[in-house]
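# for reference, the sequence and a predicted model appear below.
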Amino acid sequence: MSEPVSRYHPRTDVPRLIAHRGASARAPENTIAAFEEAARLGVRWVEFDVMLCGDGTPVVIHDETLRRTTGTEGRVAETGLDALKRLDAGRWFSAAFAGEAVPTLVEALAALDRLDLGANVEIKPAEGHEVETGEAVARLLRDHWPARLAPPVVSSFSPDALRAAHAVHPGHDYAPLFDAIGVDWRAHMDAVGAQALHCDAVRLTADRAAAVVATGAAIRCYTVNDPADARRLLAMGVESVFSDDAIPLD
């Protein structure tokens, strides 16, 4: 017997626009200032990256090295929290943000609660730390996610990190991340009970979008900063786009 056309049942409360690393066109990415700017612009959800620093604390940062966003040498996975907190994660963007700190995940969740923001939390493990990062992020979200907010989406490019997170807490809403959606996309989703997948907007074809959407799965695309591109993707059946700015979608 052939399986039904629709096999996934994604949620309906994820907005069409999600601020990529916060409002990262207007404030330093992955900082509380970027979350505050997103909220000021009226964006309802933000996306941000989480990695473990040297003492195992989950912190909000994208790169494995500190150079680009703090101007210092070193690797996040080899830098303790006390040292990380002494770095300036805002001056590289603008002098107006000098002194902005690298947030811990706990601090980020407190900011989301204060700002009434939903979130896509991307597990961004340093190489060799996939399992421990997935486990740590899942535990912290399980224990500290603000109850009044809509549940987070937890995503990652790392299948190992997602499987580890799922083993700790199957109740999270997981979404595998792809550059391009391969033929094995269902296996990656089913391994963590996912109802949605995230992919590169540039590499998404209309045919592949139609095939995924026909199963009932949701597609969310990064990083879309042109309103015309966003509208084209939404017309293809994409549920949400990640953007560095509050682009108009109507």
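Yep, that arrived.

# the residue nearest the centre of the chain sits in which helix or strand?
Among the residues of the chain, the one closest to the centroid is E122, at 3.5 Å (Cα atoms, centre = their mean). E122 is part of strand 118-123, with elements assigned from DSSP states H and E.

# picking up where we left off before, could you check the pLDDT of the residue nearest to the centre of the chain?
On pLDDT, E122 comes in at 99.

# show me what it is bridged to.
D49, S155 (DSSP bridges).

# show me what contacts it?
Shown in contact with E122 (Cβ atoms under 8 Å, 6 or more residues apart in numbering): 47-50, 154-156, 177. No exception for glycine: its C-beta is placed from N, CA and C like everyone else's.

# regarding A150, which helix or strand does it belong to?
Going by DSSP H and E, A150 is not in any helix or strand.

# pretty sure it sits against N120.
No - under the criterion of Cβ atoms under 8 Å, A150 makes no contact with N120, lying 11.1 Å away.

# more crowded one of the two?
More crowded of A150 and N120, by other Cβ atoms under 10 Å: N120, with 26 against 17.

# quick one: residues contacting that one.
Taking Cβ under 8 Å, 6+ apart as the test, what N120 contacts is 18, 45-48, 152-155, 175, 198, 220, 242.

# swap in S24?
Per Cβ under 8 Å, 6+ apart, neighbours of S24: 30, 34, 244.

# how about a cut-off of 10 Å?
S24 sits next to 30-31, 34, 37-38, 46-48, 62, 93, 223, 243-245 when contact means Cβ atoms under 10 Å, 6 or more residues apart in numbering.

# now, the residues you listed that are in strands?
Using DSSP state E, the members of the contacts of S24 that fall in strands are 46-48, 243.

# show me what counts as buried in the longest helix seen in the chain.
Looking across the chain with DSSP state H, the single longest helix is helix 130-144. Judged by neighbour count using 16 or more other Cβ atoms under 10 Å, the buried positions of helix 130-144 are 130-131, 133-138, 140-141.

# nothing else from me, thank you.
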